[in-house]
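Peer 1: got a predicted structure here, sequence first:
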Amino acid sequence: LMWRLGAGGVHMHVLRDLIIILHRIDLLGSAVSTALLSGLIWRPEMPTREQSEPSPSSSGTPVVDSSAWTRSVEELAGRGIHLSALLDFWATLCDDPSVMPSFDATRSTTNDVVRQ
């Protein structure tokens, strides 16, 4: 195909340059998308307490103790792990067999690691 296009008047270097440009646009689009989705570039505003608490009449679920619900939601929302801590944990599992002797990076599942 490229030989025919080159012989038909479209020079090979033009086609090659077009492919390079399209590849770079694709890489740039992927990088921007990743940054946007990860929250690196833009983060939505956190809802205020008034926005996050539904009124009792607005939902079909029974009203529960609001303070207990709020405490549970805040506790769960605050849980998390930094990527660096996760990578350090992975490195420890792979490098130190005394941490989890049965760990095999190619076969162990998340459930295996959590249960031991």
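Peer 2: The structure has been received and is ready for your questions. Numbering: from 1, shown residues only.
Peer 1: just give me the neighbour total for residue 113.
Peer 2: Per other C-beta atoms under 10 Å, the neighbour tally for residue 113 reads 14. (Glycine included, C-beta is placed from N, CA and C.)
Peer 1: tell me which element it falls in.
Peer 2: Using DSSP states H and E, residue 113 sits in helix 110-115.
Peer 1: send the alpha carbons of that helix over as CSV?
Peer 2: What follows is helix 110-115, C-alpha atoms only, in CSV (Å, rounded to 0.1, in the frame of the first residue of the first chain):
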residue,chain,number,x,y,z
THR,A,110,-6.4,-10.1,46.0
ASN,A,111,-8.5,-12.4,48.1
ASP,A,112,-5.4,-14.5,48.9
VAL,A,113,-3.5,-11.5,50.1
VAL,A,114,-6.4,-10.1,52.2
ARG,A,115,-7.2,-13.4,53.9
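Peer 1: mean confidence score for it?
Peer 2: What helix 110-115 shows for mean pLDDT is 85.
Peer 1: many thanks, we can stop here.
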